[in-house]
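J.: Build me a model from this:
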Amino acid sequence: MTDTDITSQAIDGMGPHGTKVGLLRVLGPAHVWALGVGIVLVGEYMGWNFAVGKGGAYAALIACWFAGILYSCVAMIDSEVTSTVAAAGGQYTQAKHIIGPLMAFNVGLYLTFAYTMLEAANAITAGYLIDQVAGMTGHQGGIDQRPFIILAIMFLAWLNYRGVLATLTFNLVITAIAFSAIIILFLSTSGVIGAGDMKHADLLAGQASLPYGWIGVLAAMHFGLWYYLGIEGTTQAAEEVRSPARSLPFGTLAGIMTLLIAATLTWYVCSGTLPWEFLGDGVNGSVAPLFDTARLSGSQALVWLLGIGTLFATLASANGCINDASRAWFAMGRDRYLPGWFGAVHPVYRTPYRSIVFLVPIALIFALGAPLDQVITFSILSGLLEYTFMPLNVILFRKKWPLATIKRGYEHPFHPLPAITLLALCSVTYFAVFLGYGTQLVAMIGFYIVVSLWFHFWRYRFVNRGAQFTMPWPRPEGY
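T.: Prediction:
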């Protein structure tokens, strides 16, 4: 066994008097809400509008609601399983206990790639926004966005390094401001307060309603996921909340309800203000639709509010992504699915500091060198693979440990209907992704096949099998 495979407890997991240290249980349900909504709310500020380019504005609305059903199923399933398997790693730890090592390894990679790519997309958007603000203040010719991209990622990584309570309290404040900005924009432009500026009848008339027919609706499902991608990240806080059985279900379910409201209001104000051709073109058209909507409102106060909201949404999302990706990577290192060096906990700040630092250059490479739609697609595909695993996970969980055998913090209703619905919507979305990004889909699946073979034939020999099952559960039914 190599030096990198020494357990973190033997190196960095010791306190000043020889006591073992772990992650701190300091978070409440509001922090869980801030983690889930904070990661996702940037999807309302940018990215979802690629769905308009795929099928038109009405297709984006249909995709928004069907994706909302998909993520409601994700939130319900996650709330039940995670309130019972309350450990860092979220779905990775669930897969380790319920299905097996190979699935756990893949799920851990899905999580890490989904959040790291989303972090890169956020940094790209933050750089774009700063460039736009510079233009509004009289700076001619644009500015170099790269220093701001690097600064944003480095600052948030430093914040995560210093402690989870400060990190997610920061997320709570800026996420609440970003969500409030959407509400204020809706109230100010829809006619609820003052004169309304919405022009849905003119902008969505005739062919503009569904320019590519129903195949466009199907294609729009690809970016429809962007409205909600990342809400499942609340599971990564499982080992750091004070009361997992209460905080995780409450924060996750409140989060998906918040996002359903925000997504619908976002579509309404943007599609009623911006032409669908401009809204759906993320290259030469709208990169930050809510910000562009505010600029057309004629209100300088709304422009600044939505500019701040967009910046805060990108920072909150990148901040949460660093938190979640590092927890998944840390959990895999702690179990030696990856070198145990990554399983270190900082003896003072009680954070998985090596995992946080290791993932920073990966995010920077994609943020500085890849187009926004490609980065978003890589994040969506990794998330989609993870969601496909969840129906199997919860069905086996209910079969092996029925409701009467172990206590759950939350029991999701109508089982197995949410699992079947989730699997069906994932299948539709795979086809939607294949229509526009078939090469990326095949390449990513090929990548996961290769690393699965590497894990099976090489890495599994180093896995800490004694730590495979850590939950005090009875023997599974039928075993």
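
J.: so what's residue 66 up against?
T.: Residue 66 makes contact with 221, 224, 425, 428, according to Cβ atoms under 8 Å, 6 or more residues apart in numbering. In this view, the C-beta of every residue, glycine as well, is placed from N, C-alpha and C.

J.: Residue 101 now?
T.: By Cβ under 8 Å, 6+ apart, the residues touching residue 101 are 337, 455, 460, 463, 468.

J.: now do residue 94
T.: Counting by Cβ under 8 Å, 6+ apart, residue 94 touches 81-82, 85, 107, 235, 393, 397.

J.: related to what we said a few turns ago, what is the nearest of the contacts of residue 66 to residue 174?
T.: Minimum distance to residue 174 across the contacts of residue 66 is 25.2 Å, recorded for residue 224 (Cβ to Cβ).

J.: Please verify my assumption that that closest one contacts residue 63.
T.: Yes. Proximity of residue 224 to residue 63 meets the contact threshold set by Cβ atoms under 8 Å, at 2.8 Å.

J.: can you list residues touching both of those two?
T.: With Cβ under 8 Å, 6+ apart as the test, residue 224 and residue 63 both reach residue 51.

J.: of the two, who's got more company?
T.: residue 224 (34 against 30; other Cβ atoms under 10 Å).

J.: Tell me the buried residues in the helix or strand where that one lies?
T.: Taking DSSP states H and E as the definition, residue 224 sits inside helix 213-224. Buried residues in helix 213-224, counting neighbours by 16 or more other Cβ atoms under 10 Å, are found at 216-224.

J.: could you point out which element follows it?
T.: Downstream of helix 213-224, the next assigned helix or strand under DSSP H and E is helix 244-271.

J.: Against which helices or strands is the helix or strand following that next one packed?
T.: For helix 244-271, the succeeding helix or strand toward the C-terminus, using DSSP H and E, is helix 276-280. Under the contact criterion of 3 or more Cβ pairs under 8 Å, 6 or more residues apart in numbering; DSSP states H and E, helix 276-280 touches helix 50-55, helix 57-82.

J.: Mind checking those for the one nearest to residue 29?
T.: helix 57-82 (11.7 Å).

J.: orientation of the closest one relative to helix 213-224 in degrees?
T.: Per axes from the mean of the first three to the mean of the last three Cα atoms, to 10 degrees, the angle that helix 57-82 makes with helix 213-224 is 40 degrees.

J.: Please read off the pLDDT at residue 281 from the model.
T.: Model confidence at residue 281, given as pLDDT, is 84.

J.: wouldn't it be in contact with residue 274 here?
T.: No. Under the criterion of Cβ under 8 Å, residue 281 is not in contact with residue 274, lying 10.4 Å apart.

J.: Next, the angle from the helix or strand harbouring residue 307 to helix 244-271.
T.: Using DSSP H and E, residue 307 falls within helix 300-334. Angle between the axes of helix 300-334 and helix 244-271 is 140 degrees (criterion: the same axes, to 10 degrees).

J.: chain center to helix 300-334, what's the gap?
T.: Centre-to-centre, helix 300-334 and its host chain are 9 Å apart (Cα atoms, centre = their mean, to the nearest Å).

J.: Between the contacts of residue 66, which sits nearest residue 49?
T.: residue 224 (11.1 Å).

J.: pLDDT at the closest residue to residue 165 other than its chain neighbours, what is it?
T.: Spatial nearest neighbour of residue 165, chain neighbours left out: residue 26 (4.6 Å); criterion: Cβ to Cβ, 6 or more residues apart in numbering. Residue 26 carries a pLDDT value of 92.

J.: what's the spacing between residue 26 and residue 364?
T.: 29 Å (Cβ to Cβ, to the nearest Å).

J.: still on that earlier bit, helices and strands around the helix holding residue 224, which ones?
T.: Secondary-structure packing of helix 213-224 (3+ Cβ pairs under 8 Å, 6+ apart): helix 50-55, helix 57-82, helix 372-400, helix 417-457.

J.: mind running it again at 7 Å?
T.: Helix 213-224 sits against helix 50-55, helix 57-82, helix 417-457, with contacts defined as 3 or more Cβ pairs under 7 Å, 6 or more residues apart in numbering; DSSP states H and E.

J.: Could you check the angle it makes with helix 372-400?
T.: Note on geometry: by the same axes, to 10 degrees, helix 213-224 and helix 372-400 are set 80 degrees apart in direction.

J.: next one: helix 213-224 to chain centre, how far?
T.: That offset, for helix 213-224, works out to 21 Å (Cα atoms, centre = their mean).

J.: quick check, nearest of the buried residues of helix 213-224 to residue 293?
T.: When the buried residues of helix 213-224 are ranked by distance to residue 293 (Cβ to Cβ), residue 223 comes first, at 17.9 Å.

J.: and the closest one, what pLDDT?
T.: For residue 223, the pLDDT comes out at 91.

J.: Could you do residue 1 as well?
T.: On pLDDT, residue 1 comes in at 35.

J.: can you check residue 465 too?
T.: Note for residue 465: predicted pLDDT of 81.

J.: can you offset everything so residue one is 16?
T.: With 16 as the first residue, the last one maps to residue 480.

J.: Contact partners for it?
T.: With Cβ atoms under 7 Å, 6 or more residues apart in numbering as the criterion, no residue contacts residue 480.

J.: before we move on, what about the one 5 residues further on?
T.: With contact set as Cβ under 7 Å, 6+ apart, residue 485 has these partners: residue 102.
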